[in-house]
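> With the sequence up front, the predicted model follows.
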Amino acid sequence: MRMISGNRAIRDHVQNGKDLLLFQQTKKGGRVRFEGLFVCAGWEIEQQPDKNRQQRQAIVFTLVPQSGLSIEAEDLATAAPPDFPLAELRERALQAALASNEASPRIALANVRARSKAVRDYVLARAAGACESCRSPAPFLTSSGQPYLEAHHIHKLSDGGPDHPNSVAALCPNCHRQAHFGAHQIALNDTLLERVQRFEK
Ligand SMILES: [Zn+2]
Ligand SMILES: [Zn+2]
């Protein structure tokens, strides 16, 4: 089995700025149940029997539920983000969009958390202490002395998980709520996306 079409789309969904929605079919031709948003944490190629009991190569993905990947709270309690130049933080964030060839679910989960953090660290550094929507300075400093802004995943269903730096913005809490619940949320997100992508070009 090769990494083509559907499989490649799963592996590269973060890089391609796509949400990964998991549905389970309880029996053949039966109803499908929505299991939630997941992140492809890793993949490996395994020997498995097919339905004719022939050994063949199968691609096995490790998927991590996106809920529980939000790192706002635990991040606030920890020390300052790494003091790297912006270009290096960006490089780490771009690397973070790529799924690793990692089989162990525990390591894969740790990787996904590290990938989410790399994107967040970069986006906060890029914002340089001011909201990327209203441009106001962050409303307060955190206990580690950092300007408080939130990482918003533009046009995504949820804010957890790693993402491409092209589609994440650092927002003040007001703009962030507005981006999710405001009457003009679509226009706000479109403007943000354009602004962020212009910067990332
Ligand atoms: Zn704002
Ligand atoms: Zn958000």
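The structure has been received and is ready for your questions. Numbers count the residues shown, from 1 in each chain. Ligands and ions are numbered 1, 2, ... in the order given.

> For this protein, which segments are assigned as strands?
20-25, 32-49, 55-65, 150-153, 168-171 (DSSP state E).

> For the ones you listed, give me JSON lines that also has mean neighbour count, distance to Cys134 and mean pLDDT.
(Glycine included, C-beta is placed from N, CA and C.) Below are the strands of the chain laid out as JSON lines (neighbours: other C-beta atoms under 10 Å; distance: least, C-beta to C-beta, whole Å; pLDDT from 0 to 100):
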{"stretch": "strand 20-25", "mean neighbour count": "12", "distance to Cys134": "31", "mean pLDDT": "87"}
{"stretch": "strand 32-49", "mean neighbour count": "16", "distance to Cys134": "28", "mean pLDDT": "85"}
{"stretch": "strand 55-65", "mean neighbour count": "15", "distance to Cys134": "32", "mean pLDDT": "85"}
{"stretch": "strand 150-153", "mean neighbour count": "24", "distance to Cys134": "13", "mean pLDDT": "92"}
{"stretch": "strand 168-171", "mean neighbour count": "26", "distance to Cys134": "8", "mean pLDDT": "95"}
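
> of those, which approaches Arg126 most closely?
With C-beta to C-beta as the measure, strand 168-171 is the member of the strands of the chain nearest Arg126 (7.0 Å).

> What pairs with that closest one, parallel or antiparallel?
strand 150-153 (antiparallel) (DSSP bridges).

> circling back: right, and the strands of the chain - which one's nearest His13?
With C-beta to C-beta as the yardstick, what comes closest out of the strands of the chain is strand 20-25 (4.7 Å).

> can you list the residues that contact whichever helix in the chain runs longest?
Scanning the chain for the helix with the most residues, using DSSP state H, yields helix 105-127. Helix 105-127 is contacted from outside by 14, 39, 41-42, 62, 64, 69, 71, 75, 81-82, 86, 89-90, 92-93, 95-97, 100, 102, 132, 146-147, 149, 151, 160-165, 168-170, 199, using C-beta atoms under 8 Å, 6 or more residues apart in numbering.

> quick one: contacts for the residue most central in space within the chain?
Centrality entry for the chain: nearest residue to the mean C-alpha point is Pro162, 2.3 Å, by C-alpha atoms, centre = their mean. By C-beta under 8 Å, 6+ apart, the contact list for Pro162 reads 14, 39, 96-97, 112, 115-116, 118-119.

> which of the contacts of helix 105-127 are buried?
The neighbour count (16 or more other C-beta atoms under 10 Å) marks 14, 39, 41-42, 62, 64, 69, 71, 75, 81, 89-90, 92-93, 96-97, 100, 102, 132, 146-147, 149, 151, 160-165, 168-170 as buried among those.

> Residue most distant from the centroid, the chain?
Asn52 (38.1 Å).

> What separation is there between that residue and ligand 1?
As judged by C-beta to the ion, to the nearest Å, Asn52 and ligand 1 stand 59 Å apart.

> how much space between that residue and Val60?
Here the criterion is C-beta to C-beta, to the nearest Å. By it, Asn52 lies 19 Å from Val60.

> Likewise for Ala110?
Using C-beta to C-beta, we find Ala110 at a distance of 18 Å from Val60.

> Cys134 too?
Using C-beta to C-beta, Cys134 is found at 45 Å from Val60.
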